[in-house]
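Novice: Sequence and predicted structure, then a few things I'm wondering about:
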Amino acid sequence: MTERPELRVAGTPASAGVALGSAMVIDHQEVTVIDSADPQAAFTTAVAEASRELQSMCEAARSTGRAEAGDVLEAQALMARDPMLVDAVSAALNDGMSLDAALRRVDEEISGLFASIDDPYMAQRAQDVSEVIDRIRRRLAGVDSPDPRLIGVPSVLVARSLSAADTAVLDPELVLGFVTETGGPTSHVAIIARSLGVAAVVGASGVVASVSTGEEVALDGSTGDVVILPSESTAADFRARRAAAEAETAAADRFRGIGVSFGGRPIGVSANVGSSEDIARAVEAGAEGIGLLRTEFLFLDRTEAPTEQEQVDFYSLAGSSFSEPVVVRTFDIGGDKPAPYLEVETEENPFLGVRGARLYSRCPEIFDTQARAILRAAGTGDVQMMLPMVSTVEEVIELRGRIEQVAASLEAEGVPHAVPPIGVMVEVPSVALTAAAVAPHVDFFSIGTNDLTQYALAADRTNGSLDNLQDALHPAVLALCERTVAAARRHDISVSVCGLVAADPLGAAVLTAMGVDKLSVSARSVNPIKSVVDSLDRVETGPMVEAALSAPTAGDVRRIVRDALDRT
Ligand code: PEP
Ligand code: MG
């Protein structure tokens with residue numbers, strides 16, 4: 001048998017790091033079931049197998065501490081054997097239907113029934129029914145149905161797409177890296193990969209069809225290179241890249257716990273976090289507080305919103321982990337992060353729809369509960385509050401009014417709390433352009449370059465095929481940042497950057513030189529970015545910023561900044 005040659009697939013870099021290991025392919029493509037001589041017997045066997053498979057996966061998830069994944073799987077194991085499903089398929093077979101058609105019809109009927117009940121819990125059950133029927137189909141067709149939550153051995157995940165919720169439940173100990181066909185560099189899948197410290201490449205089209213589970217895959221999350229069945233010399237090259245990346249990280253470690261400054265101004269380098277594991281990683285890296293606590297991950301992949309106490313515990317844990325401020329961003333749901341219990345009608349353009357702060361008036365109790373939790377946590381730690389996706393001054397004024405009402409109720413109830421500094425994300429161009437009008441109403445700005453780029457260049461951040469339009473160092477985005485910084489200076493409020501460009505050495509350099517006070521990055525970038533800031537006093541930053549702002553393209557900006565840094 002001739003050996004297959006190595007195959008190179010180009011993708012978009014999404015999370016730095018180099019991974020080499022065996023692939024686990026998650027292919028959610030539908031399979032077709034071919035009828036056997038005795039479809040009823042084949043179905044009964046497949047039901048038993050699917051249910052057993054789910055039960056053992058449930059036990060594996062629970063034994064590795066993933067209780068939530070275990071619960072979902074247990075419910076699905078029971079559902080596979082549920083008479084409602086089994087009897088309906090048997091009845092359709094008795095009517096003379098093929099097994100494939102019977103399964104399709106029962107899926108439509110049962111999941112349609114659940115979906116028609118206007119209840120988010122039932123909507124989730126509809127999805128479970130479809131997943132269970134899909135698993136039965138795969139048993140009948142003899143095709144494996146792996147699940148990202150259930151990896152047993154360290155693997156490189158290869159998938160058409162992974163939802164934000166899928167990625168949030170991945171076990172970083174077992175995921176060496178991942179490659180997806182869809183998604184852009186600032187999609188939430190990429191953000192979670194970075195926070196887990198897992199190498200990732202997105203937008204690698206065709207990769208799922210090119211690799212089978214168990215085959216060797218090499219990937220470089222800094223370049224977007226993916227190689228399937230790498231030759232010995234390619235594998236050696238990837239091992240060398242991995243060693244170089246590790247050496248660079250080790251060199252930056254000398255900045256752990258050391259403050260950095262530029263032009264005599266202290267520059268904070270804090271962490272972006274989304275979970276208690278991220279908080280631990282940020283503490284470990286010596287981050288100076290949290291510049292962005294993405295609370296929405298607490299709200300996703302569940303059937304109802306977290307309780308006030310659950311939130312108080314989480315925000316207080318964050319607050320007590322650092323001596324510097326912890327910025328808690330109110331939930332930014334919508335766009336590529338839906339939550340089933342929030343009743344938002346399906347939208348044609350969710351990124352331009354009811355997302356972030358626009359959602360709060362539709363679910364006032366959920367917002368008020370979160371605001372209460374943040375104010376209570378602010379009573380015991382240095383916790384600040386930040387509002388995402390605002391586009392107008394009126395929204396800011398209205399939300400501040402709501403927060404004052406929440407404070408008044410806590411006061412009336414005698415619940416200990418404090419009204420913290422309240423800031424906004426600058427991620428919609430209208431806010432950057434009217435930053436001087438917004439500034440008097442807020443205590444700080446944090447520039448979210450991921451969305452600011454998406455909206456300034458009109459390029460969906462999850463669309464991997466538009467990655468040439470998703471560079472936050474585009475001069476248009478820089479101009480919006482500059483305008484924001486100027487307004488912050490004039491109104492004497494602080495301005496930070498918490499988009500991914502803050503972790504890009506060129507982005508950190510030009511934005512710090514432009515006047516931002518703080519950069520917020522994933523834990524593992526904290527020290528490398530401190531080392532970039534530390535080198536800036538040796539750079540001629542004035543001409544660099546001026547040239548970057550008047551450059552015609554993002555490529556020119558990158559060249560200008562790189563040249564200036566190289567001259568040190
Ligand atoms: C941003 O938009 O830059 C940001 C930091 O927020 P998120 O990535 O969570 O939308
Ligand atoms: Mg954003």
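Specialist: On my side now, so go ahead. As the structure is a prediction and not an experimental result, all values here were calculated from the model. Ligands and ions are numbered 1, 2, ... in the order given.

Novice: Burial check on Glu310, number of neighbours?
Specialist: By other C-beta atoms under 10 Å, the residues close to Glu310 number 13. Quick note: C-beta positions are derived from backbone N, CA and C, even for glycine.

Novice: quick one: it from Asp237, how far?
Specialist: Look at Glu310 and Asp237: by C-beta to C-beta, to the nearest Å, they are 47 Å apart.

Novice: before we move on, what about Leu293?
Specialist: 38 Å.

Novice: helix/strand/coil for the residue in the stretch 1-150 of the chain that ligand 1 sits nearest to?
Specialist: Using C-beta to the nearest ligand atom, Ala14 is the residue of the stretch 1-150 of the chain that sits closest to ligand 1, at 12.8 Å. What DSSP: H, G, I helix; E, B strand; the rest coil gives for Ala14 is strand.

Novice: list the contacts for the nearest residue to it once chain neighbours are set aside?
Specialist: For Ala14, ignoring the flanking residues on the chain, the nearest one in space by C-beta to C-beta, 6 or more residues apart in numbering is Ala190 at 3.7 Å. Counting by C-beta atoms under 8 Å, 6 or more residues apart in numbering, Ala190 makes contact with Ala14, Ser15, Gly183, Gly184, Ala200, Val202, Leu500.

Novice: Please say which of Leu293 and Asp237 ends up with more neighbours.
Specialist: Neighbours per residue (other C-beta under 10 Å) separate Leu293 from Asp237, with Leu293 holding more: 29 against 17.

Novice: wait, is that one part of a strand?
Specialist: Yes - under three-state DSSP, Leu293 sits within a strand.

Novice: quick one, what contacts it?
Specialist: Applying C-beta under 8 Å, 6+ apart, the residues near Leu293 are Val273, Gly274, Tyr315, Ala318, Val326, Val327, Val328, Arg329.

Novice: redo that, cut-off 6 Å
Specialist: Leu293 makes contact with Val273, Ala318, Val328 under the criterion C-beta atoms under 6 Å, 6 or more residues apart in numbering.

Novice: quick one: buried residues of the helix or strand where Arg372 lies?
Specialist: For Arg372, the enclosing helix or strand under DSSP states H and E is helix 364-378. Residues 366-378 are the ones in helix 364-378 that count as buried (16 or more other C-beta atoms under 10 Å).

Novice: could you dump those residues to TSV with pLDDT and distance to Glu216?
Specialist: Listed next are the buried residues of helix 364-378 as TSV, based on pLDDT from 0 to 100; distance: C-beta to C-beta, whole Å:
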residue	pLDDT	distance to Glu216
Ile366	96	46
Phe367	97	48
Asp368	98	52
Thr369	98	48
Gln370	98	45
Ala371	98	50
Arg372	98	51
Ala373	98	46
Ile374	98	47
Leu375	98	52
Arg376	98	51
Ala377	98	46
Ala378	98	50
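
Novice: Please tabulate these in TSV, including the columns distance to ligand 1.
Specialist: Shown next, in TSV, are the buried residues of helix 364-378 (distance: C-beta to the nearest ligand atom, whole Å):
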residue	distance to ligand 1
Ile366	18
Phe367	17
Asp368	22
Thr369	21
Gln370	16
Ala371	19
Arg372	23
Ala373	19
Ile374	17
Leu375	22
Arg376	24
Ala377	20
Ala378	21
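
Novice: and Ala42, what is it in contact with?
Specialist: Taking C-beta under 6 Å, 6+ apart as the criterion, Ala42 is in contact with Ser36.

Novice: Roughly how far does it sit from Ile110?
Specialist: For Ala42 relative to Ile110 (C-beta to C-beta), the value is 20 Å.

Novice: what sits against Ala432?
Specialist: Val426, Leu480, Arg483, Thr484.

Novice: Can you classify the third one as helix, strand or coil?
Specialist: On the three-state scheme (three-state DSSP), Arg483 is labelled helix.

Novice: again with the second one
Specialist: Using three-state DSSP as the criterion, the local structure at Leu480 reads helix.

Novice: Leaving out chain neighbours, which residue sits closest to it?
Specialist: That would be Ala432: by C-beta to C-beta, 6+ apart, it lies 3.8 Å from Leu480.

Novice: Which pLDDT value goes with the one you found?
Specialist: Turning to Ala432, the model gives it a pLDDT of 98.

Novice: How about the one 5 residues further on?
Specialist: Model confidence at Ala437, expressed as pLDDT, equals 98.

Novice: my guess is it contacts Val393, does it?
Specialist: Yes - using C-beta atoms under 6 Å, Ala437 is in contact with Val393, at 5.3 Å.

Novice: Which one of those two is surrounded by more residues?
Specialist: Higher neighbour count among Ala437 and Val393: Val393, with 17 against 13, using other C-beta under 10 Å.

Novice: Could I get the contacting residues of the more buried one?
Specialist: Taking C-beta under 6 Å, 6+ apart, one finds Ala437, Val438 in contact with Val393.

Novice: Check the spacing between it and Gly401 real quick.
Specialist: 13 Å.

Novice: Kindly report the same for Ala357.
Specialist: Distance of Ala357 to Gly401, given as C-beta to C-beta: 13 Å.

Novice: And Gly224, by the same measure?
Specialist: 46 Å.

Novice: secondary structure class for Arg105?
Specialist: helix.

Novice: and it, how many neighbours?
Specialist: When neighbours are counted by other C-beta under 10 Å, Arg105 registers 15.

Novice: Noted, bye for now.
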